[in-house]
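*Asks:* Starting from these lines, generate the structure:
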Amino acid sequence: MELRPVGLESWGIYIPKKRHTSDYIAKETGIPKEIIEEKFGLKSKSVPGPGDHTVAMGAKASFQALERANITPEDLDVIIWAGEVYAERPMVVNGIKLQQLLGNPMNSWAFDVNQRCGTFLVGILIAKSLIQMNPNINRILVASGYRNCDLINYKNQRSRFMISLAASGVAAIIRADYKKNEILGISAISDGRFADDVYVPAGGTIQPITSKALEDGLNYLDVPDSDGLKTRLDKYSMDSFVKVIDNALTQSGHVREDIDYLALLHMKRSAFEYVARTVGVDPYSQSTYFEEIGHNGQNDSIISIEYGIRDGKIKNGDIVVMVSAGIGWAWNAGVIRWG
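*Replies:* Just a heads-up that it's a prediction; the model follows:
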């Protein structure tokens, strides 16, 4: 049986206007401004303003995506929340909350997926699979909001590699029988050896939240063995980026030389340049580095596509590779034949 082609019909992004500048971050962390800008790749980063809650930002991006596709929420068959679980309230199904914010379209049903900063590509993979499995599903909204910047304690030296965490919302409408911006192969890797290396100590069943936990700052992301994590992760992570990109290209019938644009997540400048150059891509003319907005988690790849089109780096016929990675640890890549 020939599978239906699945494409990216439209997308939307929402980035708050408020910023933490490199001056501010340097003052708060004690890290020199030039290190913040050159090594961490941050001139500033987006942070939430009043009302910029996690699902609310995903809703703003979703309305933009719907408008671009010239459709209404009633045209959606499924809503997938592929954003953060750190959101408006604990124990809420954020996909259903998003459904409510979109006017509660009753033709669709909603659910959540989670893989930290890898979630959005997992959401696209699930959306494509659902469409190809079920002939009654024709349009799926994949949406995300992210404000994990709230979980960063600038004073904690162990978590300093995450000071770039920012805030935004993105959305994508995935459509059946759609050969424009066709979604080809998507590959994923996860490795449980790193599952306990980064987490918020208090608030779960092992250590419930208490006033003492709040006083001790245990409601922020922490890295118990930061030196050990760096030793174990650095080379493995770089190799995993390359592997997952190659896997997605192979699934799609392409090779590295075919890549026209790499929608790569924000990370320290040296790592960003290494991954891009290793797969044969110029890191600045064939990708976008987010010096002004920081790392927006699973939202980075869609934001990169938006900026790539804005700046004329993505053209009809291009092979676009989306790349993500998330703590836990996971690496994902997906290929789109643009136009």
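*Asks:* Would you state the strands of the stretch 101-250 of the chain in chain order?
*Replies:* Assigned by DSSP state E, counting those that start in this stretch, the stretch 101-250 of the chain shows strands spanning 109-112, 139-146, 168-176, 182-190.
*Asks:* can you redo these as TSV with distance to Ile309?
*Replies:* No exception for glycine: its C-beta is placed from N, CA and C like everyone else's. TSV is the format used below for the strands of the stretch 101-250 of the chain (distance: least, C-beta to C-beta, whole Å):
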stretch	distance to Ile309
strand 109-112	28
strand 139-146	18
strand 168-176	14
strand 182-190	16
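*Asks:* Out of those, flag the one nearest Phe290.
*Replies:* Nearest to Phe290, of all these, is strand 168-176, at 10.0 Å by C-beta to C-beta.
*Asks:* still on that earlier bit, right, and the strands of the stretch 101-250 of the chain - which one's nearest Gly326?
*Replies:* Of the strands of the stretch 101-250 of the chain, nearest to Gly326 by C-beta to C-beta is strand 182-190, at 8.7 Å.
*Asks:* who are the neighbours in contact with the nearest residue to Tyr236 once chain neighbours are set aside?
*Replies:* Leaving aside its sequence neighbours, Tyr236 sits nearest to Asp191 (C-beta to C-beta, 6 or more residues apart in numbering; 7.6 Å). Applying C-beta atoms under 8 Å, 6 or more residues apart in numbering, we find Asp191 in contact with 236, 240, 329-330.
*Asks:* and of those, the nearest to Ala172?
*Replies:* Distances from Ala172 to the contacts of Asp191, taken by C-beta to C-beta, are shortest for Ala330, at 19.0 Å.
*Asks:* what's the burial count for the closest one?
*Replies:* 22 (other C-beta atoms under 10 Å).
*Asks:* Just list whatever residues bridge to it.
*Replies:* Going by DSSP bridges, Ala330 is paired in beta bridges with Ser190, Gly326.
*Asks:* on that earlier part again, any chance of CSV for the strands of the stretch 101-250 of the chain, columns mean neighbour count and mean pLDDT?
*Replies:* Compiled in CSV, these are given as follows (neighbours: other C-beta atoms under 10 Å; pLDDT from 0 to 100):
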stretch, mean neighbour count, mean pLDDT
strand 109-112, 17, 98
strand 139-146, 30, 98
strand 168-176, 28, 98
strand 182-190, 19, 98
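*Asks:* chain center to the longest helix along the chain: distance?
*Replies:* Looking across the chain with DSSP state H, the single longest helix is helix 226-251. Centroid separation between helix 226-251 and its chain, computed with C-alpha atoms, centre = their mean, to the nearest Å, is 17 Å.
*Asks:* Find the nearest non-adjacent residue to Ala263, please.
*Replies:* Closest to Ala263 by C-beta to C-beta, 6+ apart is Ser304, at 3.8 Å.
*Asks:* Tell me the spacing between the one you found and Ala82.
*Replies:* Separation of Ser304 from Ala82 (C-beta to C-beta, to the nearest Å): 16 Å.
*Asks:* quick one, helices of the stretch 201-339 of the chain?
*Replies:* Shown for the stretch 201-339 of the chain, the helices assigned by DSSP state H, counting those that start in this stretch span residues 211-215, 226-251, 269-278, 300-310.
*Asks:* thinking again about what came up before, ok, which of the strands of the stretch 101-250 of the chain comes nearest Ile36?
*Replies:* strand 168-176 (19.8 Å).
*Asks:* Can you pull up the most central residue in this protein?
*Replies:* Gln298 (1.0 Å; C-alpha atoms, centre = their mean).
*Asks:* how about that residue, what does it touch?
*Replies:* 82-84, 115-121, 144, 146, 324, 326.
*Asks:* any chance of those in a markdown table, with distance to Asp177 too?
*Replies:* Putting these into a markdown table (distance: C-beta to C-beta, whole Å) gives the following:
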| residue | distance to Asp177 |
| --- | --- |
| Ala82 | 22 |
| Gly83 | 27 |
| Glu84 | 32 |
| Gln115 | 28 |
| Arg116 | 32 |
| Cys117 | 31 |
| Gly118 | 27 |
| Thr119 | 26 |
| Phe120 | 23 |
| Leu121 | 22 |
| Ser144 | 25 |
| Tyr146 | 31 |
| Ser324 | 27 |
| Gly326 | 31 |
